[in-house]
Every structure is written in structure tokens, then in C-alpha cells.
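S.K.: Sequence plus the predicted model coming up.
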Amino acid sequence: MQNSILDLDQVSVSFDGFYALTDLDFKLYPGELRSIIGPNGAGKTTFLDVITGKVKPTKGNVKLRGKNIIGLSEQKISRMGVGRKFQTPRVFENLTVQRNLELTASPTKTPWALLTKSLSAVARDEVFKIMEYVGLAPYAKLQAGSLSHGQKQWLAISMLVAQSPDIILLDEPVAGLTDDETSKTADLIKSLAGEHTVVVIEHDMEFIRDLGAPVTVLHQGQKLTEGSLEEVKRDPRVIEVYLGQTDEN
Amino acid sequence: MKLFKRLVPWILLAFAFFILPAMANSELFGFSQFRLNLFGRYFSLAFVALGVDLIWGYTGLLSLGQGIFFSLGGYAIAMHLLLVTKNDFTTGANGLPKFFENYGVDNLPFFWEPFWSFPVSIIAVFIVPSVIAGFVGYLIFRNRIKGVYFSIITQASLMVFYHFFNGQQKLVNGTNGLKTSTTEIFGLVAGSDEAQVLFFRITLILLPFAYLLCKYLTSGRFGDSLVAIRDDEPRLRFSGFNPTPFKVIVFVVAGGLAGISGALYTVQSGIVSPQFMSISMSIEMVIWVAVGGRGTLVGPIIGAVLVNYLRSLVSEALPEAWLFVQGALFVFVVVLMPDGIYGWFTKGGFTSMLAAFGIAKKTATYPKLDFDESVQEESFKV
Amino acid sequence: MTSSIPKRLLAGFAATAVGVTMTACGGGDSAGGGDFDGSIKVGILHSLSGTMAISETTLKEVEEMAIKEINDSGGVTIDDKSYKITYVSEDGASDWPTFAEKSQKLIDADKVAVVFGGWTSASRKAMLPVYEAKDHFLFYPIQYEGQECSKNIFYTGAVPNQQAEPAVDWLFDNFAEKYGKKVYLVGSDYVYPRTANTIIKEQVKSLGGVTVGEDYIPLGNTEVAPIIAKIKKEFPDGGIIINTLNGDSNVALFKQFKAAGITPEKYPIMSFSIAEEEIRQIGPEFVGGTYAAWNYFMSLGTPASNTFNEAFIEMYGDDRVTNDPMESAYNMVYLWKAAVEKAGTYEDLDAVRDAMIGIKMDAPQGPIEMYPNHHISQTVRIGEAKDDGQFEILWDSKTPVAPITWNQYVPETKGYACDWTLDRPDAGKYKM
Amino acid sequence: MDLIFSQLLDGLSIGAVLLLAATGLAIVFGLMGVINLAHGEFMMIGAYVTFVVQNIFRPLGGFAFESYYIIALIASFLVTAIFGVVLEKTLIRRLYGRPLETLLATWGISLILIQFVRSVSLAMVIGIAVTALLGWALQKFLPLPLKQASFASYLKGVLWTVAGIVGLIVISTTASIGRFFSNPWFGPRNLDVTPPKWLQGTWGSIAGIELPGIRIFIIILSALLIAAVVWFLTKSVWGVRIRAVTQNREMSNCLGIPTDSVDSITFGIGSGLAGVAGCAITLLGSVGPNLGGSYIVSCFMVIVLGGVGNLLGTIIASMMLGIIQSIIGSGSLLIAFPDMPNSLRSVVEFFATTSMSYVLVFIFIIAFLQFKPTGMFPQKGRSVEA
């Protein structure tokens, strides 16, 4: 058996007695593509918060390549190769598209390096390639704030790609995108898997199906079940959980 | 045309450097030595405004404590001048600055000892504020204190320094502050016209350097990270950046600029006192930047000069009205002109106004700008 | 001051926009009108905005009144020519650097013959180097701590030997028997109270007394609870308190004193900065029964005093009061006029300054004279605040007391004097 | 023991003043995220209202005058609350979500208010009324095509400027009529507010310590006000609405809560509390244009120290600051521990003045925030965005 790249062991998170995650076990292997679904309040975002260091678990262990990362700052974890896209597309609105990408593509992220060195030609080429790929090239010199919602989603994902982390965490990457864009995003994500380890959180079942990846279902901070989408869909517990809910789609 | 635009600031600078002192000398158009001196002060305030712009306009951290660094620079240079000058006006019987006599202080407080030396004092003008800014900044930023909390804490720090300087007569002459008019520098009496013209020119020579420093800091990816901190700091963190050193560096530079500003201002106004650390002074620095245009580097310079010039005009004509005008300025800029004057011009506010009135751009621009000469000059300065 | 705002403002903008220095203020009307042969421009520099505006605007008013009186009675006469006094008023904005800046403006841009201005010691200290550097001419009207003697400044307020020292003597004469020779000092945290208290402490020591406590409150602070606690501890059954607080803190002090049971019956309180105007602001029910030492009280009752009071009320309304600083400010305009007439010039500042010394005047407070140390002799009076907002005069020095600039109680300055008629480099402070 | 008790009492009363002043700010800042630097000036307005009420009642004398203070408390709440609502509707509303901008704008407002009370006269009031009326009328009766023109917003500015200039002319002409019009109502002077007899002097004593009436009254008043605020926020309809809007604005909006009115009311109440604080402060100090400035920084310190949006934190923080200030500033440490080592002694002496006790308090706060950056009682949970 391969060594897991990310390993959550009995992780619990509580806010003033309310448990957002309860004794969650989760393993991720290099190159894997994994989808996570679950109704609202299932703890999906908290799950990402724990991995990226934004929230410190009340209990349990989180290991990245066998190294405990609990208590490390967000930037340290990020530098260890974990990238995240947020639920709402968060980009630097007052920088141009190109500069957004160049900033995240910077290999060393210390003030001194940014002041004295210019970005390598290779990295700059990479940025252009990404922009070409996602169709943002015409907007390269435009301020990110003036992009449409869909374009911002793309830019946010592109920034992750430019950052090129080992583990890519995507929180609702296709919310608010058109069908075309959605399927294009699915293609992009599939092409990333293999070289990177990708976790996708989504409500959009069509999209999850497109990805064709193993699915983990979270409910009330716990792992309900795991398996392929078809298996999961047949699980009576999953049906029960979702029936009570208003499905956003 | 483009070349011309680039030259404009330098022409203006040269004009201010050579022509204004000559005008003041011959009292041409009623432009007196006193006015020249005032303009020297306005320009020296542009330094601190540049610093505020770095930290607030670019990085989004509203410091209400720049007065600390401004005053420290002023105190450093003033104490040096007081120490090295030996004349009846400034020196007491014990060979120390006269005010020490009032409190029966016979030994110079130890921390003033280095200020006998000119080079040390000049370096201290920006190093001392920088170091303190670095220390304070590190403590604050390390804990991820930002937004209004940062503002409030810088204000509290300001109060610490204010009360300390106010309460310590024996060390820094308390409320009275330090006076430099009768001290001597480069063989001139600091309050004399010759020295004042010299200070004016030194200010103008240093200003482009401060500008270029800021330009250097803000133009590359370092500058981009500052803007990124302003836009979405947590996001930047998730991209692997540690914002703390960025913020500390910017705060340090802003502190150093404030120190230089304070020193230049002090020698031109003849006094540094704890009043420079009053709450209002530090907030005013912010409004200069806001009026000129935050997030641009020309803006703060325009703002500092323009607002202070306006202040002189209004408070000479009608002292009571200044607070009204100033208050209105705060509200107006924040609500209706968030980009400031320079931003309004460069971001198309002006053209869109003309367009709104249905005036064709080209033909209307020239007479309009010609008519308002001050606007034309100021907006391209440096 | 709301009159003709737009006109003056617009005039101001128009004038300065083309870089012309302005004289758009107050009485700076066109020069030499009417029956005058010319005009002399003087400067008035007080805080018209900020914390100190409360007190300083009254000085501006009384100086305007003196100028008006002089102009109405023929102006300044030099060589049989009469000159009208015009003035430029500037705002010190309660900000010491601004005082320095505006002084510079008055001297350089407006080219005034003399400046009347200041209130706080800090503002004077800020202006002093400007006048010394430019070798110009300032009149300062407020009682202050002394220990200063500038060639370029004339001081028409009291120095400690004309106010604080006699007051301490008087306190001991009247209350030492009951409370012992113990005093508690309360002051604002700036140079006047600190220096004055240094002198008082030395004096108390030489009189065989002790200073049991000394406290300073930052200007504008209104929290005095800790001080009350300390006073009650030192003086559980009453004792002598000397108060050199300035401004707002006084209101807080007296209100909270009363609430804490520190009342004049048990605690004789002597204040050096409370005059008629302040009684009204604090409220007579709080300060009534406390003492103050001044050279002038509105209730003095001499003909000269009544004339002065009536003229002021005539000009500014019958709800107004006069006080010592105002009288002092009024005097200095007349003193300057007399010196100019004696010197026969207003432009040669050296000559005017030389002529100044020895000028005598029948002021509202009685006879005064300018001494060679640039201070004036004054009569010292002690009054008790009454419910009608006036003082009842309990004691006076009968004759004017000569000013002593370098204090003789303080060891550092003991034996020093100032005499600007002497031709020696250390005339400002020489060993007697 | 005596000493400690009396210092505690002093500390409590200093703290009670801080608490009074900070409660309104805590509501506005904690619930709305608005930094109101004009809060101190609202206190000043409250103090001036007290002064006016006193002058109305003074001629009545007797019982009527003795009870004026109660009416002044209510009046100062109402008047400042109205000021607050007007400010919210005209200015603050445009700046929600931009706290730093609010900070600057409200500072501007505070400057205007300070100068306003200094120079307000009948002429000025007439002038302002004329400006407002004219400005409103000009907008109202503007021909429709002009209203819809592309330059309408600029035209609006021009019209207001015209109205403003007309107002200035009105001021100067009416002022020149006579003193009746031009005399400032309050002027830059400090004014005298006399507490009614029953508040003056001491209210008996406990264990040999006299209880100053004013101090006790302020402690009681602040306790009552806090109780009232807590009741309002937790039990009343509007209070619940306010909390709902604080927690989730969109959701509240969907549920039919008038969020606009909620904002106005919250800000109005916060301002009104400032007015009450101002009224209370007239008992301790003077009424003057600069009254507010000395409190504003301390108020923010209290809130930051206590934790934003937490009334309990505000209470504890203000009492803590009050007690520290009273114990350090009065130098009673020296008296209580007469035989401390010399080095320590000189340090304590160094800080045993009012100025230096401020320095110490502020240093203490900054140091405290090093360990607890979000105050004693931070807001918790996921809703607090990093």
C-alpha cells in the first residue's frame, strides 16, 4: 500500500460546544482525485479549514506526508504544497489578471526575493499558458475586480494552478458557472489529477458525475460513506440525509 | 507629448528649486520669504504623506500613529542642533541647552549623548523611528491585528508617546518641546532666511528620492503583494505568503519617511513639541493622502501641499472656518471622491464629468485646464 | 465672529491665489484714512480656536479695545504727526508650533511693528526663539513662572514675587496656626505650574514649612479622583491647598472637591489661574470661598478700574467680565504707544525697546512702571471668590512690587538678575 | 484597608464614567462595525443639552429645579439619538462595510460639531435653515429633463453649492443686523452646569470613607443603563431584530425585518447613550467644545480590551482600567507597600502621576493585546472571517 499524502486521524472541531467535525478519519493518496459532497452544515468547509491551517482542531491529528501540521500557520502549510480555492472566488481585485497569477506563481515568497528578483521566464511562460488555456489572456491587463463572476472563478482556479501545489483543494469550483464552463472546468480538474492530488467539494451532482472520482459523503461533521457516485447514491443513509434537505440544484 | 508629461514634474521641481527662492528674495508678486518657508514645510509634510500612502493606500492599514515617528525625527534633529549650538540664546550656564536649567538638570540624559555627533543624529532621524516602527509593527502584525484594531492600537501607541513626552520635562522639555530657530547649522542661524532657503532646497532635493524609493517598493511584485494584502490578506496567506514581514517592512519605511519629514518640518517651523503627537495631527496626515489620491504616489504629495496650503489660507482669512472646511473635506473626500484628486483625474472621473455635460473631450479639456492652472500644475507634480 | 464670512473668505482666496500676502483681517482697514498722517501696523496673536480659545479670545478683544481707544483719541503721535494703529490678528490655534509659525508670518509677511500675544508659557517659549532670531518685539500679558528674561520680550503679567510668593506668605500668616505650615500642590502638567511649584516649595522650605504632596494633571484631563484620595490622606482634617491648574481641569477639580467634602471651610485653597471669567465657568457655588492672588480684580472699585470695566462692557456686552490677564493685555498696548512716542519712531525697534524702560502708566490696577528687566511693577492683591462671581479683596500690597525675574528662592538662580540697560553680554542673567 | 477600599471606590467611579461613555460606542461598533469617532462629540451634545435644560429650569427654582437633572438625562438621550439617526441616514449609511472610511468621515463630523457649538448663533441657524430649504427646493422643483440628464449628479452638487453660498450670505447679512443675531449661543467658553442640591456633597459614609454623591450616582446610573441595554437587546422586539441583523443581514432582510430602520435605531441608541454619558459628565467636569475628545480614545481602548461586541467585556474592561488608573495614579502602591525595594520603588514613583498612569494604562492594553489580540471576550465561531 502506498503512503498517504494527507491523513486526518480522529479530527474533531468544536465552536463553543457545537461540533462542526466529529472524529473524522480521512486519507488521501498522491495523484488521487476525490469529490466530497454533503448537505449544508455537513462540515465540508471546516474540513478544508482544518487542512489549510485556518482552524485548529480541538482534537485529533492531521498529517501531511507523515508530518504533523496542526498549529502551523496557513502560509507554512501552503508552502508545504497545499493550495485552496474558496467557496466564493477570492482574487486580488485591484491587481490585473496577469499580476494575480504572477504573484501566486512566484517560487519564493519572501519580501526580499520579491523586491530583488524578477519572475523567471519559465514561470512567466507558464502564466501565459494558463491564461490562454482558461481564456483569460485577452483580459490579462484588466483589473481582476472588473471580471465577471465566472471569470473570477476561473482566475481563482488558475491561480491555484499557477501556484502548483501538490494538493489542490477546490471548494465549489463551478458555483455560478454556465454548463459549458462547468464541463470545461471538469476537464481541467481531471487533467490536473495525477500530477496533483485534487479534492473537490461540490453540490452540483452533474459535475461530480463528470469528474467520475470516488466520493466521500459528509454529514454532521462525520463521514457518512465513501465510494463511487453510483454506490453512494444507492446508500439509504445518503438518501435520507438528502431527502430532508432542499437541494440547491 | 508623453515625453513632455514625464518632464512636467521635473520642470516644476526645478521651478520650485530655483525660481521660488529668487521670487521670495525680491518679493516678486508679493511672494515673501515667509510664503517660501511655508511651502518648504508643505513639501516636507509630503514625506510623511508618502509613508501613510504606502501603509494605508497600498497595504490598507490605517495607521493613526504616524505622529510618533514624525515627532521622533523632529526631536532627533532639534536636540542635535541645541547641543552643538553655543550661543546666549540656546545654551545655558552649564553648557547644556537652556531648558535643562529650568528643571535643574546638570547631566545630559544618557540617551541624548549620541546626539552630539552630526552624522549620528542625521542617521537617527530615520533610524530611530524605523526601529520603533519595526518593533511596534512586529508586535502588532505578528498577532494578525489589522483593520480598525490596527488603527486603534496605533492611536493608543500615539497616546503613550504623547503623554510620555508631555510629562517628561527633565528629559525632553515636556509640553514646550524643543526650539531650533536660534540654533546654528552649517554656520547659519537656523531661523535666518539663508538657512530657511537652504532647508527648502534640501527638502526639494530629498523629495524625489523618497518618491523613487516608494516607486521602487510599489511597482514590482513586492508592491503587488502589498495590494494583495489590502484586497484579501487571508487569501494571500493561503498562497504561501507570510504577510507579517511585508507589513513590517512597509511600516518601517513609512516610519523612516515620517522621521525625515519631521526633521525637515522641525527645522523649518523652528519647534518640535508633543503637539505633533496629538491625535488630530496623525489623522490629518491621512486626509492629505485621501485628498491627493491614495494608492498613487503623486497623490500624497499633491494632497500634503494642497491641503496645508488651503489650511494656511483659510485660517488666515477666517480662523473659525478652518474646522468646518477641514471636517467637510474629510466627509467629501471619503463619500464623493474616494480616489482623491489625482485618482479622479487619472481614473477618468474628470473626463466622465465632461462627458456627462456632453462636452466633447478634446476641445473642452484645454480651456478647462488652462482656466484652472493650479489643478494642472499640481496634478502632474513629481 | 460670524460677520461677513463669505466676503472675507472670498477676499482671502482671491488675494492669496495670486500669491499676494493679505491683510484681510479684523481691523486691518485701509491705512491712513481720516485725520491721520499715517498708520502703524501691529500684530495680535492669540488662540482663536482650540482649547485655549476660551481664555485667549478675551485678550484679543481687550487689545482691540485699547487700539480703538487710542485711535479714537488721535492715534499715536510721533513728531507731531498722528498715526493710526491698524492690526493683523492671527490665530495661534492653541498649538505651540502654530504660534511660532504665525509670529514668523507677522514679522516677515506683515512687517508689523510689534506683536501682542500668547497666553500659555509654552506658546511664549515657542515664540521666543523667533523673536530672538529676527531681533523683533513681543508683548506677553500673562502672569507666568519667571526664570526668563529676553531682550525681545516685554512681560506685563506678574512674576512669582508679584503673585505666588506673597500669596504663600499670606496663607501662612492666616492659616498656619490652624493647619500647620503644610501645603499640598496641585497643577496642570506643563511648565508654569511645575516651575511655580518649584519656587513655592523652596519658599515653603525657607519659611519652615513642608510640602506634603505635589500632583500634576495633563491639560484638559477631568479625572481628579486619585488626587482627592491623596489629599484626604494627607489632610484628613483640612489643610492648605495651592492650585495652579489651568482650564477645564479646574471645573472638574472644584466640582469633585465639593462632592468629596473638600470645602473652603476646612481647606483653604489658593488658586493662581482662577479669575472672574473662570468663576463663571466653574460656577460660584463650587469656587465660592476659595482664594486667588492677582494684580487686578474687577471689583477693585477705583475710578481707573471702573472706567476700564465700563468701556469693556460698553463694547462687548453687559454679561461680560474683566480680569487680570485682560487688564494686563490692555496695559501693554498703552505701554507700547508711550514708548513709541517717547522714542519718536516705531520702525527702529532698538530705540523703542530702549525707550520702553522707565515708562510709567496709571493702569486700571494703579500705577505701574516698566523695569529694566522688561517686567513691570505691580500691586499684589488677594481676593476671596464670592457667589456673585466677583472677588472680595482681602489684602493688598499697598505699593507696587518690583519684578524679580530670576527667582531668589531657587538655588540655581539665587543671586542672578536681569537688566537690559547694562552694556554687557550677560545682561539677561548676570550675577549680582 | 481604608485606603484600598477608597481606591477601589475611586476606581469603580472612574470605570463607571468610562463604561457610560463606552457603552454606546460598544453597541455601534460591536453590532454595526461602525467606528464612530464623533462619539465623543455626541457626548458633548448631551452635555450642552443638559446645560440648556438647566437654564430653562433655573428660573423656576425650588422642586422644579431640583428635578431638572432627570429631565436633562432624558432630553440629552433623545436629542443625541436624533442627531445620530440623522447622521446615520445621511452619511454612515453610504459607508457600511468600509470601517476605515467611516472612521475618517466621522472624524470630519466631529470637527464640524466642535466648531458648530463654538460658533452657533441665531444668524448661523437661519443660514443653515435657508441652505437646507433652498437646496431641497432646488432639487425638488428642478425640471424633469434636467433631473434625468446625464449630468444630474453634478448639477445637484452645483445646486447645493449655490444654496451653500446663499446660506453664507444670509449668515453674514443677518449677523450684521445686530448682536441678537450674531452673538454665539455658547461660544468657545466652558459653561457651568450645576448639579441639583441632592447630588452635591456626600451621601453618608461606609467604614469611615465618605461616599461622594455624584460618584455613587454615576455608578448607579451606569449600572441601570447597562441593565436597560441588556434588557432592550434581549427582550424587546427591536432588540431582537437588531441582533438578528447583526448575525445575518441578508437572512433578516428576507424575513421581513426592516434592516434600514434597524440600522438607524441601533445607531440612534448608541448615540443616545453617548448623550446620557455627556449629561453625566457635566456632574464631574465642565461643559465645553473639547469635552468629547478626552474620552474617545479611552472608550475605544475599553472596547478593544473587552472584546468587540461583548457587553460583559466592556464592563470588566472599563472597571479594570478605572481601578488601575486610580491605584497607579494616586501612588497608593507606595503607601500600601512602604518597604518595597528601592529599584521597584523608583519605577512605581515614576508612574505615580496622572500623565504617567495614562502611559502605563495604554502600555498595559497594548501588552495585553499581545496575548489576547481579540480582547478578553472575543467573538467566536465561523462567522468571524479571518
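M.R.: Structure's in. What do you need?

S.K.: Check the gap between the residue of the stretch 251-382 of chain B found nearest chain C and chain D for me.
M.R.: Chain C sits closest to B:Ala317 of the stretch 251-382 of chain B, with a gap of 2.7 Å, by C-beta to the nearest C-beta. Bear in mind the C-beta positions are built from the backbone N, C-alpha and C, glycine included. For B:Ala317, the distance to chain D (C-beta to the nearest C-beta, to the nearest Å) stands at 13 Å.

S.K.: Same check on A:Val199?
M.R.: 19 Å.

S.K.: Can you confirm whether whichever helix or strand that residue is part of lies near chain B?
M.R.: For A:Val199, the element it lies in under DSSP states H and E is strand A:197-201. No: Strand A:197-201 is not in contact with chain B by C-beta under 8 Å from any C-beta of the partner chain; minimum separation 14.3 Å.

S.K.: Run me through the strand neighbours of that strand, direction for each.
M.R.: Applying DSSP bridges, strand A:197-201 is found paired with strand A:33-37 (parallel), strand A:167-171 (parallel).

S.K.: okay, those in JSON lines with mean neighbour count and mean pLDDT next?
M.R.: Shown next, in JSON lines, are the strands paired with strand A:197-201 (neighbours: other C-beta atoms under 10 Å in any protein chain shown; pLDDT from 0 to 100):
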{"stretch": "strand A:33-37", "mean neighbour count": "23", "mean pLDDT": "90"}
{"stretch": "strand A:167-171", "mean neighbour count": "24", "mean pLDDT": "91"}
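
S.K.: my guess is B:Val120 meets B:Pro114, correct?
M.R.: Yes: using C-beta atoms under 8 Å, B:Val120 makes contact with B:Pro114 at a distance of 4.8 Å.

S.K.: and the nearest residue to C:Lys342 once chain neighbours are set aside, how many neighbours?
M.R.: Nearest non-adjacent residue to C:Lys342, counting by C-beta to C-beta, 6 or more residues apart in numbering or on different chains: C:Ala355, 4.2 Å away. For C:Ala355, the neighbour count with other C-beta atoms under 10 Å in any protein chain shown is 19.

S.K.: quick one: the strands in chain A?
M.R.: Along chain A, the segments classed as strands by DSSP state E run A:6-15, A:18-28, A:33-37, A:59-64, A:67-68, A:82-85, A:167-171, A:197-201, A:215-219, A:222-227.

S.K.: Nearest approach to B:Pro208 belongs to which of those strands?
M.R.: Ranking the strands of chain A by proximity to B:Pro208 (C-beta to C-beta) places strand A:82-85 first, at 41.5 Å.

S.K.: Contacts for the closest one next, please.
M.R.: Contact partners of strand A:82-85, identified using C-beta atoms under 8 Å, 6 or more residues apart in numbering or on different chains, comprise A:48, A:51-52, A:64, A:78, A:156-157, A:159-160, A:163-171, A:173, B:238-239.

S.K.: what pLDDT does the residue most central in space within chain C get?
M.R.: Central residue of chain C (C-alpha atoms, centre = their mean): C:Ile142, 1.3 Å from the mean position. If you check C:Ile142, the pLDDT there is 93.

S.K.: repeat for B:Asn242
M.R.: Reading off the model, B:Asn242 has pLDDT 92.

S.K.: Then D:Ala228?
M.R.: On the pLDDT scale, D:Ala228 gets 91.

S.K.: and it, how many neighbours does it have?
M.R.: Residues near D:Ala228, counting by other C-beta under 10 Å: 12.

S.K.: show me where pLDDT drops low in chain D?
M.R.: Where chain D drops to pLDDT under 70, the residues are D:1-3, D:188, D:201, D:205-210, D:330-336, D:379-386.

S.K.: all strands for it, in order.
M.R.: Using DSSP E, strands in chain D cover D:202-206, D:209-212.

S.K.: before we move on, the earlier item: and the residue nearest to C:Lys342, helix, strand or coil?
M.R.: In terms of secondary structure, C:Ala355 is helix; the call rests on DSSP: H, G, I helix; E, B strand; the rest coil.

S.K.: C:Gly213 now?
M.R.: C:Gly213 - assigned by three-state DSSP - is strand.

S.K.: OK, contacts around the closest residue in space to it that isn't next to it in sequence?
M.R.: Nearest non-adjacent residue to C:Gly213, counting by C-beta to C-beta, 6+ apart: C:Tyr184, 4.5 Å away. For C:Tyr184, the contact set (C-beta under 8 Å, 6+ apart) comprises C:211-215, C:230-231, C:234-235, C:239-242.

S.K.: quick one, what contacts the residue most central in space within chain D?
M.R.: Within chain D, one residue has its C-alpha closest to the average C-alpha position: by C-alpha atoms, centre = their mean, that is D:Ala274, at 3.3 Å. D:Ala274 is in contact with D:Ala21, D:Gly24, D:Leu25, D:His39, D:Gly40, D:Phe42, D:Met43, D:Gly46, D:Thr80, D:Gly84, counting by C-beta under 8 Å, 6+ apart.

S.K.: From chain C, how far off is it?
M.R.: Relative to chain C, and taking C-beta to the nearest C-beta, D:Ala274 is found at 16 Å.

S.K.: Excluding covalently adjacent residues, which one is nearest to that residue?
M.R.: Using C-beta to C-beta, 6+ apart, the nearest residue to D:Ala274 is D:Phe42, at 3.7 Å.

S.K.: Would you mind confirming that the one you found makes contact with D:Ala81?
M.R.: No: using C-beta under 8 Å, D:Phe42 is not in contact with D:Ala81, being 9.2 Å away.

S.K.: So which of the two has more stuff around it?
M.R.: D:Phe42 (33 against 25).

S.K.: From the contacts of C:Tyr184, keep the buried residues only.
M.R.: The neighbour-count test (16 or more other C-beta atoms under 10 Å in any protein chain shown) marks C:Thr211, C:Val212, C:Gly213, C:Glu214, C:Asp215, C:Lys230, C:Ile231, C:Phe235, C:Gly239, C:Ile240, C:Ile241, C:Ile242 as buried among the contacts of C:Tyr184.
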